[in-house]
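Asks: need a structure here:
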Amino acid sequence: MKKVLCQLGNGYTLWLSLLLISHLALGQQQFVTGKVLDAENNTPIPGVTVLLKNTTQGTTTGADGVFRLSVPDGAQTLIFSYVGYQPQEVQASAAPLTIVLRADQQTLNEVVVVGYGSATKKELTGSIISVGPKEFNKGNVNSLSSLLQGKVAGLTISKQGSDPTRAASVLLRGPSTLAGSTEPFYVIDGVPGANIGTIAPEDIVAVDVLKDAASTAIYGTRAANGVIIVTTKRGKSGAATLSYSAFYGLERISKRQEVAGGDELRAYLKSVNRTLSSVDDDGANTDWQKAITREGSSRNHHLSFGGGSPETRYQVSFGYYGQTGVVKKSDFERYTGRINLDHSMFKNKARIAINLGSVFSNGNNINYDALFQATNYLPTVNIYNADGTYKENYGRQVYYNPVALIEQQTDQFKNMNLTANGRLSVDLLPGLTYTLSGSYEFRNRAFNFYQDRNSYLARSTQGFASRGNYNGGSKILETYANYDKVFGTHDLKLLAGYSYQYDFNNDGIQGQNTNFLLDDLSYYGIGLGSPVAGYNQLAGLNTLSDNKLISFYSRVNYAYKGKYLLNASLRRDGSSRFGDNNKWAMFPAASVAWRLSEESFIKSISAINDLKLRVGYGVSGFQAIPPYGSLQGYRASAKAYYNGAYINAFGLARLANPDLKWEKTATANIGLDFALFKGRLSGSVDVYDKTTTDMIYTYTLPVPPFPVSEIQANGGEMNNRGVELVLNYDVINKDKFSWTTVLNYATNKNKIVSLSQGVYAKQYEYSGNIGGRGFSFIGTQIIQPGYPVGTFYLFPYAGQDPATKQFLYTNSKGEQVTVSKLVTPTDQRIITSGSALPKFTFGWTNTLSYNKLSLNFLLRGVYGNKILNGQATNLARLAEATAYNSSKDAIERGNPDAPMYSTYFLEDGSYLRLDNATLSYALPRTRIFKTASVYVTGQNLFTITHFTGADPEVNLSGKQPGIVGINANGIEPIYFKTRSFTAGLNINF
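Replies: Sure, this is the predicted structure:
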């Protein structure tokens with residue numbers, strides 16, 4: 001009892017002591033009162049955060065702008081902050097304070113890189129979006145595309161599956177060409193055409209996306225698909241800083257293809273009085289998708305340090321990223337290093353910048369056919385025979401053990417990329433700066449390939465080995481002068497420059513061999529094969545190619561009173577790729593802007609802080625054709641008998657076209673930028689019309705009179721029109737809690753206007769030939785004037801016969817017929833209910849912060865697009881259910897006929913995805929580190945869609961978008977999409 005009383009006594013003593021201390025502390029407090037006013041109109045500002053510096057103690061002003069805060073005695077500093085205003089620090093006082101806050105113009109004064117120079121946001125006349133570290137996606141990000149996905153209106157980034165060795169496709173404002181890649185043009189630290197894969201995401205400090213031709217035309221022939229300018233981190237003068245970041249993540253498959261299991265397939269076959277042969281049924285229930293997959297993981301480490309004096313600054317970084325894919329043997333590793341040096345001299349009249357970068361990557365590709373076979377192979381057989389060898393049925397067409405496809409094939413790659421850039425800027429006269437920049441990039445890619453002697457694909461040759469090593473690179477010289485001068489209310493900026501670029505690729509060699517005695521040495525033993533007589537051990541050798549681009553460019557920027565803005569540019573490019581008659585072309589652009597918020601009739605409206613109207617028009621080009629595409633081409637042909645022996649011979653493959661010229665993309669853009677309610681609500685609206693003319697296309701010629709049937713020529717026209725909307729809103733901004741939301745929305749309507757020009761005529765072209773067992777028709781899509789890229793060309797599904805369960809189709813006569821009466825392509829129809837391109841895309845980012853805790857999440861999606869599920873079509877062949885597996889949907893439907901690629905398999909591709917959610921916590925500052933935070937991230941947390949396949953995020957670029965195939969004719973099945981969970985930390989010392 002005494003012990004208990006003693007404990008209670010000690011407790012009461014502690015409680016009384018704390019009460020006394022708190023009472024004494026309160027006795028040492030003082031109350032600071034005051035009022036916060038707007039500097040422009042002298043009105044009270046409610047909701048201003050008043051915070052005692054270096055603490056979390058604070059309050060907010062009331063509706064009348066008045067505040068009252070208890071602070072300790074002595075000299076104390078108060079911080080006043082509110083969205084849209086410049087923060088202010090004031091010493092606490094016993095007398096009432098009157099605080100006057102001024103509107104914050106920082107957002108308008110943020111610098112944007114615009115190509116061979118920079119401008120503030122308020123000076124922009126074109127459609128340019130800037131994205132910084134605060135807006136970047138968090139968590140398991142390993143590339144620029146993963147940083148930006150869902151963040152920029154009109155920038156469609158899609159990655160089909162989660163293969164660590166594959167990059168995402170990037171499309172800006174719809175497709176602009178049928179001749180090649182739709183990827184934007186990248187500029188890194190002023191180096192045009194730089195390899196975006198050489199940059200670690202942690203090294204990026206800013207990304208500027210140039211959308212309209214008024215902004216991109218300064219890059220001429222390479223800018224038709226848009227331009228993305230990347231700026232990396234640079235050192236700052238002062239004490240050295242050290243930063244370290246790391247994360248580790250786990251990945252699991254979010255959804256598998258729904259196919260029948262062994263018992264389900266046996267039950268179906270029994271219901272229709274059919275049985276499996278003993279070869280195809282050993283009593284197994286094999287889940288082939290599970291057999292080729294595993295749990296994936298990713299890990300990342302990044303270390304950087306920087307600092308320097310006012311004259312010399314440095315930034316150095318090293319990074320490692322590794323990813324183990326969910327499909328066995330698929331993996332990727334990347335090592336990056338970067339050094340940025342800046343030095344100024346002669347009282348800052350001359351400045352030198354040096355950038356050195358390196359990246360080494362390696363990985364393992366998989367045979368994508370294994371993804372299809374994992375759903376195609378019968379689940380009624382085991383993976384292995386009794387002797388441990390892989391179970392195969394060599395008598396069946398397109399039928400391979402998926403585990404064996406992965407395990408008996410090695411496909412490795414190693415890439416190296418080294419970059420060096422030096423830039424010298426000299427102030428020659430007041431306002432006149434001359435810049436000389438030189439860059440060199442060296443690329444090396446090596447691959448090693450081996451198929452085992454007993455593998456299905458190489459058993460006839462007793463194994464197959466191939467090794468190759470190729471170099472490439474580019475040399476760039478840029479020299480230009482900038483002149484900036486202010487004449488009273490006139491602001492003039494001039495630019496004139498010259499550019500030279502030389503690129504070369506495929507400088508190397510490749511060898512191959514067959515007929516090996518053992519597999520132990522894999523591709524290392526390539527020289528130990530014994531090929532049959534006449535076997536070409538250098539077959540498949542790539543050939544060296546090179547090209548040059550020479551350019552002259554100029555630009556003028558003019559502003560009057562800071563509210564009437566003009567931008568005009570002109571670039572003349574010459575390329576070795578094009579015909580002798582059209583090697584040079586001009587690319588002009590002009591845009592104007594009116595800062596309405598600087599007019600007196602707008603200034604009187606207190607709700608409007610910034611309002612700017614932009615109008616622009618420009619022409620950019622496209623030159624992504626083979627380096628010798630305008631010249632007469634040859635290919636290896638049959639052997640020729642010469643001097644008593646047969647030798648290799650070459651034959652004509654392509655006719656020369658001296659008139660081949662650039663594709664040109666002209667864009668008209670009207671935009672409105674705004675900031676309202678002291679900057680709490682801001683955004684932009686853009687409307688554009690983009691037309692590509694002189695499209696480069698391969699045309700068919702009659703033989704005779706022409707010796708060959710192909711020629712590359714200019715012909716045709718394509719149009720894209722759309723609307724883009726960006727909204728930024730600070731919903732709540734209190735002393736302890738804040739909520740900001742950003743919405744981007746974009747529409748795009750694509751149309752092929754023409755495929756013909758002059759003597760080169762083409763009415764249409766079939767594309768999207770998925771292939772597959774028993775399918776022998778021309779394609780599932782059509783490229784035809786009046787319709788968008790990705791228009792489907794299919795058999796119209798008309799329902800199912802209730803008696804026979806046969807699928808019915810509507811033929812060209814309007815009759816409902818079964819598959820046996822369909823005629824290809826007579827009964828195929830252009831499907832007008834939707835194309836592979838979405839009607840609109842969107843991204844919605846929210847950031848909620850409470851004290852040191854922050855939650856950021858991104859919802860993104862697409863709407864109105866269609867996906868042709870070719871994999872589902874191949875899994876619906878119930879007539880072959882004793883030889884190949886079937887989907888659960890096909891078994892439920894019970895259609896006994898072989899299905900056709902019809903509208904039944906054309907599915908809604910719209911989806912809404914919680915793509916990224918990050919919860920982070922800022923750790924208290926210590927003697928060891930200045931700032932630190934830890935976070936957890938979930939990616940692909942849920943997807944709402946009607947698509948029945950594995951994942952609705954499919955490739956939306958190229959000539960045949962929106963198709964899920966079976967690994968034929970360039971149309972692949974989807975690598976499994978994953979759901980990942982990542983934990984990471986960021987520390988600044």
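Asks: In three-state terms, how would the closest residue to residue 136 other than its chain neighbours be classified?
Replies: Spatial nearest neighbour of residue 136, excluding adjacent residues (Cβ to Cβ, 6 or more residues apart in numbering): residue 147 at 4.5 Å. To be clear about C-beta, it is placed using only N, CA and C from the backbone, and glycine gets the same treatment. Counting by DSSP: H, G, I helix; E, B strand; the rest coil, the backbone at residue 147 sits in helix.
Asks: what's the burial count for residue 147?
Replies: 21 (other Cβ atoms under 10 Å).
Asks: Tell me if I'm right that residue 157 and residue 147 touch.
Replies: No: contact criterion Cβ atoms under 8 Å: residue 157 and residue 147 do not qualify, at 9.7 Å.
Asks: which SSE is residue 372 in?
Replies: helix 369-376 (DSSP states H and E).
Asks: For that helix, name the packing helices and strands.
Replies: Helix 369-376 sits against helix 288-291, helix 402-407, helix 870-874, with contacts defined as 3 or more Cβ pairs under 8 Å, 6 or more residues apart in numbering; DSSP states H and E.
Asks: Pipe those into TSV and attach mean neighbour count and distance to residue 96 per row.
Replies: Output for the helices and strands packed on helix 369-376, formatted as TSV (neighbours: other Cβ atoms under 10 Å; distance: least, Cβ to Cβ, whole Å):
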stretch	mean neighbour count	distance to residue 96
helix 288-291	17	72
helix 402-407	22	76
helix 870-874	26	73
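Asks: Can you check which of those helices gets nearest to residue 119?
Replies: Minimum separation from residue 119 across the helices and strands packed on helix 369-376 (Cβ to Cβ) falls at helix 870-874, 47.6 Å.
Asks: Spell out for me which residue occupies the centre of the chain.
Replies: residue 145 (3.1 Å; Cα atoms, centre = their mean).
Asks: could you list every residue that touches that one?
Replies: By Cβ atoms under 8 Å, 6 or more residues apart in numbering, residue 145 lies in contact with 157, 159, 167, 168, 170.
Asks: What lies in contact with stretch 964-977?
Replies: Outside stretch 964-977, the residues that reach it (Cβ under 8 Å, 6+ apart) are 160-163, 166, 253-256, 293, 325-327, 330, 368-369, 371-372, 376, 768-772, 867-872, 874, 940, 949-951, 953-954, 960, 963.
Asks: Show the pLDDT at the closest residue to residue 840 other than its chain neighbours.
Replies: Distances taken as Cβ to Cβ, 6+ apart put residue 747 closest to residue 840, at 4.5 Å, once the chain neighbours are dropped. Turning to residue 747, the model gives it a pLDDT of 97.
Asks: so residue 747 sits right up against residue 722, yeah?
Replies: Yes: the criterion here is Cβ under 8 Å, and residue 747 meets it with residue 722 at 4.9 Å.
Asks: just to revisit the earlier point, the residue nearest to the centre of the chain and residue 913: what is the separation?
Replies: Distance, residue 145 to residue 913, using Cβ to Cβ, to the nearest Å: 16 Å.
Asks: contacting residues around residue 281?
Replies: 266, 378, 380, 381.
Asks: Make JSON lines from those and add pLDDT and secondary structure to it.
Replies: Listed next are the contacts of residue 281 as JSON lines, based on pLDDT from 0 to 100; DSSP: H, G, I helix; E, B strand; the rest coil:
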{"residue": "266", "pLDDT": "96", "secondary structure": "helix"}
{"residue": "378", "pLDDT": "96", "secondary structure": "coil"}
{"residue": "380", "pLDDT": "97", "secondary structure": "coil"}
{"residue": "381", "pLDDT": "96", "secondary structure": "coil"}
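Asks: and which of those is nearest residue 907?
Replies: Relative to residue 907, and with distances defined as Cβ to Cβ, the nearest of these is residue 378, at 25.8 Å.
Asks: Quick check: phi and psi on that closest one?
Replies: Note on residue 378: its backbone torsions stand at phi -60, psi 130 [degrees, to the nearest 10].
Asks: What distance do you get for residue 148 to residue 957?
Replies: 15 Å.
Asks: now residue 943
Replies: Distance from residue 943 to residue 957, by Cβ to Cβ: 21 Å.
Asks: what does residue 35 give?
Replies: 57 Å.
Asks: For the two, indicate the residue with more neighbours.
Replies: residue 957 (21 against 18).
Asks: and that one, what element?
Replies: Residue-wise, residue 957 maps onto no helix or strand under DSSP H and E.
Asks: contacting residues around it?
Replies: Counted by Cβ under 8 Å, 6+ apart, residue 957 has contacts 158, 169, 170, 171, 175, 181, 182, 183.
Asks: cool, residue 722 as well?
Replies: So residue 722 contacts 154, 173, 174, 687, 688, 746, 747, 748, 749 (Cβ under 8 Å, 6+ apart).
Asks: Quick check: the farthest pair among those?
Replies: 174 and 687 (13.9 Å).
Asks: Tell me where the model's unsure across the chain.
Replies: Within the chain, the stretches with pLDDT under 70 are 1-29, 40-41, 56, 75, 83-84, 103-111, 540-541, 638-639, 772-778.
Asks: picking that back up, tell me which of residue 174 and residue 687 has more neighbours.
Replies: The residue with more neighbours, out of residue 174 and residue 687, is residue 174; 27 against 15, by other Cβ under 10 Å.
Asks: mind checking the SS state of the nearest residue to the more buried one once chain neighbours are set aside?
Replies: Closest residue to residue 174 apart from its sequence neighbours, by Cβ to Cβ, 6+ apart: residue 720 at 3.8 Å. Assigned with three-state DSSP, residue 720 falls in the strand class.
Asks: partner residues bridging residue 720?
Replies: residue 690, residue 750 (DSSP bridges).
Asks: Let me see the contact set for it.
Replies: 173, 174, 175, 176, 688, 689, 690, 691, 748, 749, 750, 751.
Asks: can I get these in a markdown table with distance to residue 530?
Replies: Below are the contacts of residue 720 laid out as a markdown table (distance: Cβ to Cβ, whole Å):
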| residue | distance to residue 530 |
| --- | --- |
| 173 | 56 |
| 174 | 54 |
| 175 | 49 |
| 176 | 51 |
| 688 | 62 |
| 689 | 63 |
| 690 | 58 |
| 691 | 59 |
| 748 | 57 |
| 749 | 60 |
| 750 | 54 |
| 751 | 57 |
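Asks: could you flag which of those are buried?
Replies: Buried by 16 or more other Cβ atoms under 10 Å: 173, 174, 175, 176, 688, 690, 691, 748, 750, 751, out of these.
Asks: Cross-check the contact I'm expecting between the third one and residue 789.
Replies: Yes: contact status for residue 175 versus residue 789: in contact at 5.2 Å, counting by Cβ under 8 Å.
Asks: For the protein, which segments count as helices?
Replies: Per DSSP state H, the chain carries helices over the ranges 2-27, 106-109, 144-148, 213-216, 262-271, 288-291, 369-376, 402-407, 600-603, 870-874, 888-893.
Asks: Kindly format the C-alpha coordinates of the third one as CSV.
Replies: To tie it back to what came earlier, the one meant is helix 144-148. Taking Å, rounded to 0.1, in the frame of the first residue of the first chain, the C-alpha atoms of helix 144-148 are listed here in CSV:
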residue,chain,number,x,y,z
LEU,A,144,12.0,11.4,-68.0
SER,A,145,8.8,9.8,-69.3
SER,A,146,7.9,8.3,-65.9
LEU,A,147,8.5,11.8,-64.3
LEU,A,148,6.1,13.5,-66.7
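Asks: distance between it and the chain's centre?
Replies: 6 Å (Cα atoms, centre = their mean, to the nearest Å).
Asks: same question, the last one
Replies: The offset between the C-alpha centroid of helix 888-893 and the centroid of the whole chain comes to 36 Å, using Cα atoms, centre = their mean.
Asks: for the fifth one, same thing?
Replies: The chain centroid and the centroid of helix 262-271 are separated by 43 Å under Cα atoms, centre = their mean.
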